[in-house]
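Trainee: next come a sequence and a model predicted from it.
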Amino acid sequence: MAITFPLWRSSFAFLSFACIYASVVRSATINITVTVPAGSSNHGLSSYVCVPTKWYDVIVFFGANFFAHAATIRTLPGERPKEVAFTVILALLFPFSGISRGVEAIVRHASWPPCSGLRCAARAGALCIVTRTWLWGPVRNTVLKGLIFPNTLEEQSNVYGYTVGKDRQQGLISTEYRYSGEIGAKPIARRVIHGVNQQCLDDSYDVAILPSNTQIELRRRDTPRSNHTDNIHCEHERTLAITSMYNVPQMLVAIVQLAYSSVTLYRTKGDQLDRFGYAAFGLTVLPYLIMSAMNLVGNLLTPTYPYLYMVCSEEMEELEVRAGSQGRLTGTVAHIPFQTTEEPERWALNTIAYWLSISVALLLPLPYVVIGALTRFHPNNSSHVQRIFTMYWLAVGIIVGAAIPFWKPNTSIKPFMFGLIRILPLLTKYPLPGLIEFFILMGWYTLVFLSSSAALGGFVVVAQMIKEYGSCTRF
């Protein structure tokens, strides 16, 4: 029986055969002569040509593989431009400080599963509350709520003239327990809080991020002393609009940076590894590549909020009563409902902080794993100085960078952060605790400053290696 094919099928089969044959037949080659500058080389690879490096080649490499990656990190809710610039510098010097921001956004995944505007803001860490600091003290003829107190406190209250509220026995002696934030009760006075004047906050009170799983409700506030609450039905919570956005330009830049750095990493294979071993300059982009990847995914899962939004709490109402008409905080968007409990609440270790710590810890060895897989940690022809600075830079960028987001300065040293002159009254009033906190803070800042020399030395060594290797093009 004869088998026949329609004309179009025969034509398709012929064209397919022709394409396959053309792909396997070696294409004809021609020899051409190209004039290159003196000092050019192909490093033993016929498909490469490397010309002497110009100063702008180094700038392009640094800008595309280091500086641009640092600019792709996420901004925190209400973060001011100065703080953003400082964070970018830290991410440039210590890449894992930027990686932690992306990982935190992934762990929060505020927009997934879909939620209301208020709940998404809580997941994203965009809600804050007023908290007490260790400098806080009772005021005569006031009712104290939310305190851990010893058995003798009721007897002491008769002496000092304040009243202990017996309707609630809850642990609130510090912001590191009930209002722990996601990593801890960080001072956030430098951030922008929507509709709130932070000038009324003295050293006795601070502002902290509200834990993402806190139960909150909407209500209308009339006066600080009013007990009236107008609870809004839960369906209206979905209509509450809280400004947020997805930073699309930043995500596009991150995608381009991922592609460019991946090409840089791929081109490192071959003669560059044979020449420099595990100190190859192309491998130094690894932490920055991971940083862009984590922040890209984090931006997809958690939107960006331009402001922080205040949530009313007992401590906030207490502050308003103490400050009088000048302490009115008008920009609140929700309220923490009053609940009576027999056991103290402790939120010091919450889900966000736990998974953030685990995720960052899992990412710590990743650059070493990739470098070990590509080079087996063979030094090859790299110099002793090149190996020391590249590995020192990598280690400091990982260890110090991962520690920066977890640094929790106490609120007692908050005045120093806004100017040295403001710490003098604090040291006068509380000499011993103030000095301890002052020296701890200075020690931490000194450590970060000295550690930045690793990145600066690494940049110099990378520039020298690029100049030594040349600017290469593959044909």
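Mentor: Everything's here; your move.

Trainee: and residue 368, how far from residue 290?
Mentor: Going from residue 368 to residue 290 by CB to CB, to the nearest Å gives 12 Å. Backbone N, C-alpha and C define where each C-beta goes, glycine included.

Trainee: higher neighbour count, those two?
Mentor: Neighbour totals were compared for residue 368 and residue 290, and residue 290 leads with 23 against 16 (other CB atoms under 10 Å).

Trainee: please name the nearest non-neighbouring residue to that one.
Mentor: Leaving aside its chain neighbours, residue 290 sits nearest to residue 99 (5.9 Å; criterion: CB to CB, 6 or more residues apart in numbering).

Trainee: so, low pLDDT: which residues of the stretch 101-250 of the chain?
Mentor: Counting by pLDDT under 70, the stretch 101-250 of the chain has low-confidence residues at 134, 141-142, 144-189, 198-200, 213-215, 217-240.

Trainee: ok, now with 50
Mentor: Across the stretch 101-250 of the chain, the ranges flagged by pLDDT under 50 are 150-187, 222-238.

Trainee: what's the domain layout of the chain?
Mentor: Per automatic domain parsing, the structural domains of the chain span 48-108+247-302+349-474, 117-244+305-335.

Trainee: circling back: can you report how many residues lie near the residue nearest to residue 290?
Mentor: So residue 99, with other CB under 10 Å, has 31 neighbours.

Trainee: isn't it up against residue 288?
Mentor: No - judged on CB atoms under 8 Å, residue 99 makes no contact with residue 288 at a distance of 9.3 Å.

Trainee: so where do the strands sit in the chain?
Mentor: Assigned by DSSP state E, the strands in the chain fall at 48-51, 127-132, 143-144, 163-164, 205-209, 309-312, 332-335, 471-474.

Trainee: and those strands as JSON lines, adding distance to residue 79 and mean neighbour count?
Mentor: Formatted as JSON lines, the strands of the chain follow (distance: least, CB to CB, whole Å; neighbours: other CB atoms under 10 Å):
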{"stretch": "strand 48-51", "distance to residue 79": "43", "mean neighbour count": "18"}
{"stretch": "strand 127-132", "distance to residue 79": "13", "mean neighbour count": "26"}
{"stretch": "strand 143-144", "distance to residue 79": "34", "mean neighbour count": "16"}
{"stretch": "strand 163-164", "distance to residue 79": "39", "mean neighbour count": "14"}
{"stretch": "strand 205-209", "distance to residue 79": "12", "mean neighbour count": "25"}
{"stretch": "strand 309-312", "distance to residue 79": "14", "mean neighbour count": "23"}
{"stretch": "strand 332-335", "distance to residue 79": "19", "mean neighbour count": "21"}
{"stretch": "strand 471-474", "distance to residue 79": "38", "mean neighbour count": "14"}
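
Trainee: just send those back as CSV, with distance to residue 75 too.
Mentor: Formatted as CSV, those follow (distance: least, CB to CB, whole Å):
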stretch, distance to residue 75
strand 48-51, 40
strand 127-132, 16
strand 143-144, 38
strand 163-164, 43
strand 205-209, 15
strand 309-312, 16
strand 332-335, 20
strand 471-474, 35
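
Trainee: of all these, which one is nearest residue 262?
Mentor: Smallest distance to residue 262 across those (CB to CB): 15.2 Å, for strand 471-474.

Trainee: and the closest one, what does it pack against?
Mentor: strand 48-51 (3 or more CB pairs under 8 Å, 6 or more residues apart in numbering; DSSP states H and E).

Trainee: residues near the spatially closest residue to residue 127 that is not a sequence neighbour, how many?
Mentor: Excluding the flanking residues, the one nearest residue 127 by CB to CB, 6+ apart is residue 210, at 4.2 Å. Neighbourhood size, residue 210 [other CB under 10 Å]: 26.

Trainee: which other residues reach stretch 244-260?
Mentor: If you take CB atoms under 8 Å, 6 or more residues apart in numbering as the criterion, stretch 244-260 is touched by 64-65, 68-69, 71-72, 74-75, 117, 120-121, 124, 126, 289, 292-293, 295-296, 299-300, 303-306.
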